[in-house]
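K.L.:
3D model of this:
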Amino acid sequence: GNGILIADSSRYQQQFFNLISDEQHGVIIGFQNVIFTDEGYYYNSHVQRIDSSGQKLWGENGVLIDEGNGFQPYIVSLCSDATGGCFVFWGCYYDRNRKELWVQRVDKDGHIMWDSSGVMISHQFVSFDSPIPCLSAPDNEGGVIFGYIDSTGVKLQRISAISDFLWGAGILLISKTWGNMKSNEQGGVIITGTLRAYNFSKGWYDKVVAQQVDKDGNILWGDDGIMITDSVDEYTHETELGIDKSCNSYIVWTDRRTGNFNVYGQKLNSEGVIQWKKDGILIGDAEYVKAVIDLSLIHISEPTRPY
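P.N.:
Got it, this is the predicted structure:
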């Protein structure tokens, strides 16, 4: 068939999609609407839940998250609440000096759980325009841990099921960019990213690093994190991360240390000790790869170049 209609497209144009599992054999989809009227157009953002049989559970066009009010809200991250609902993170662009990050919780029946306008996280949402503006992962206690970049740097925060901020002003990380973040299944998260460095022979280049933060917001792997490799250059691509049931981490990235883009991988145990050889093992020769990790199984695909 041709799929199911998520939202009425006669007046809408949908963009900026997000998709997650609802942990109940269905999915939750987030999207921005561009709504055309006789006077012009405006923006808003919705989420919709679809069950395993393809039925829409949250009304015909989903749950309205932000009306826009003349600005351009778009959903930057979704995280399941493990009961069929989700946490929705969205950004609002007002001007160069005011970019806001907001969050809302929607329950399994599509009810807005917090203040109708949501909870504002920051009005200095620096990563609004980045390829990965926000990351989120469940905290295993009904809340969510999320990461973003504000004017002070890369920041992690934990928010409870009733919208309490649990880590004060947030946890600052030394990494300047990230690739992925996953739950460590113990209430905390493991996050991967890159750290900008310089030496006379290489010039500027990126180190791949990993960090673990526990449920209380304690940084576990040192201020600088665990260095996965420092043999890469400025063309390091975003890292992918998988975590198995024993809290071993599998990290995959691409770099061109040999002159061509190749895929490399590394394994850390639950204590952050490197398990494979220094600077990772060569997995394959591929450019612009998407690596998907399922426990110790690494699958690499080679999509069309993005230009």
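K.L.:
could you show me where the strands are in the stretch 151-300 of the chain, in order?
P.N.:
Ranges of strands in the stretch 151-300 of the chain, per DSSP state E, counting those that start in this stretch, are 153-159, 171-173, 177-183, 189-199, 203-213, 226-229, 240-243, 249-255, 262-268, 281-285, 290-294, 297-301.
K.L.:
Could you point out which of those sits nearest residue 28?
P.N.:
strand 177-183 (17.0 Å; C-beta to C-beta). Quick note: C-beta positions are derived from backbone N, CA and C, even for glycine.
K.L.:
So which elements touch that closest one?
P.N.:
strand 135-138, strand 144-150, strand 189-199, strand 240-243 (3 or more C-beta pairs under 8 Å, 6 or more residues apart in numbering; DSSP states H and E).
K.L.:
most packed of these?
P.N.:
Across the helices and strands packed on strand 177-183, the average number of neighbours (mean count of other C-beta atoms under 10 Å) peaks for strand 144-150, which reaches a mean of 25.
K.L.:
Other residues contacting that strand?
P.N.:
77, 79, 81, 87, 89, 101, 103, 121-122, 124-127, 130, 133-139, 154-159, 173, 178, 181, 183, 188-189, 191, 213 (C-beta atoms under 8 Å, 6 or more residues apart in numbering).
K.L.:
Kindly recompute the last result at 6 Å.
P.N.:
Strand 144-150 has contacts (C-beta atoms under 6 Å, 6 or more residues apart in numbering) with 79, 87, 101, 122, 124, 126-127, 134-137, 139, 156-159, 181, 189.
K.L.:
now residue 204, nearest residue through space, not along the chain?
P.N.:
In space, and not counting its chain neighbours, residue 204 is closest to residue 198: 5.3 Å by C-beta to C-beta, 6 or more residues apart in numbering.
K.L.:
which residue sits closest to residue 182, ignoring its sequence neighbours?
P.N.:
Going by C-beta to C-beta, 6+ apart, residue 182 has residue 243 as its nearest residue, at 5.0 Å.
K.L.:
if we can go back for a sec, got JSON lines for the helices and strands packed on strand 177-183, with mean pLDDT and distance to residue 72 too?
P.N.:
Formatted as JSON lines, the helices and strands packed on strand 177-183 follow (pLDDT from 0 to 100; distance: least, C-beta to C-beta, whole Å):
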{"stretch": "strand 135-138", "mean pLDDT": "94", "distance to residue 72": "21"}
{"stretch": "strand 144-150", "mean pLDDT": "93", "distance to residue 72": "18"}
{"stretch": "strand 189-199", "mean pLDDT": "82", "distance to residue 72": "27"}
{"stretch": "strand 240-243", "mean pLDDT": "88", "distance to residue 72": "29"}
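K.L.:
Turn those into a markdown table, columns for distance to residue 163.
P.N.:
Below are the helices and strands packed on strand 177-183 laid out as a markdown table (distance: least, C-beta to C-beta, whole Å):
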| stretch | distance to residue 163 |
| --- | --- |
| strand 135-138 | 14 |
| strand 144-150 | 10 |
| strand 189-199 | 19 |
| strand 240-243 | 27 |
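K.L.:
still on that earlier bit, report the beta-bridge partners for the residue nearest to residue 182.
P.N.:
Per DSSP bridges, the residues bridged to residue 243 are residue 249.
K.L.:
Would you mind measuring from it to residue 251?
P.N.:
Here residue 243 is placed at a distance of 10 Å from residue 251 (C-beta to C-beta, to the nearest Å).
K.L.:
Also residue 21?
P.N.:
Separation of residue 21 from residue 251 (C-beta to C-beta) stands at 22 Å.
K.L.:
So which of the two has more stuff around it?
P.N.:
Neighbours per residue, other C-beta atoms under 10 Å: of residue 21 and residue 251, the larger number sits with residue 251, 28 against 13.
K.L.:
Apart from its chain neighbours, what residue comes closest to the more buried one?
P.N.:
Nearest in space to residue 251, with sequence neighbours left out and distances taken as C-beta to C-beta, 6+ apart, is residue 266 at 5.0 Å.
K.L.:
Return the distance of stretch 130-149 from the chain's centre.
P.N.:
6 Å (C-alpha atoms, centre = their mean, to the nearest Å).
K.L.:
now stretch 193-206
P.N.:
For stretch 193-206, the distance to the chain centre is 24 Å (C-alpha atoms, centre = their mean).
K.L.:
Tell me the secondary structure of residue 41, please.
P.N.:
strand (DSSP: H, G, I helix; E, B strand; the rest coil).
K.L.:
Fine, thanks again, bye for now.
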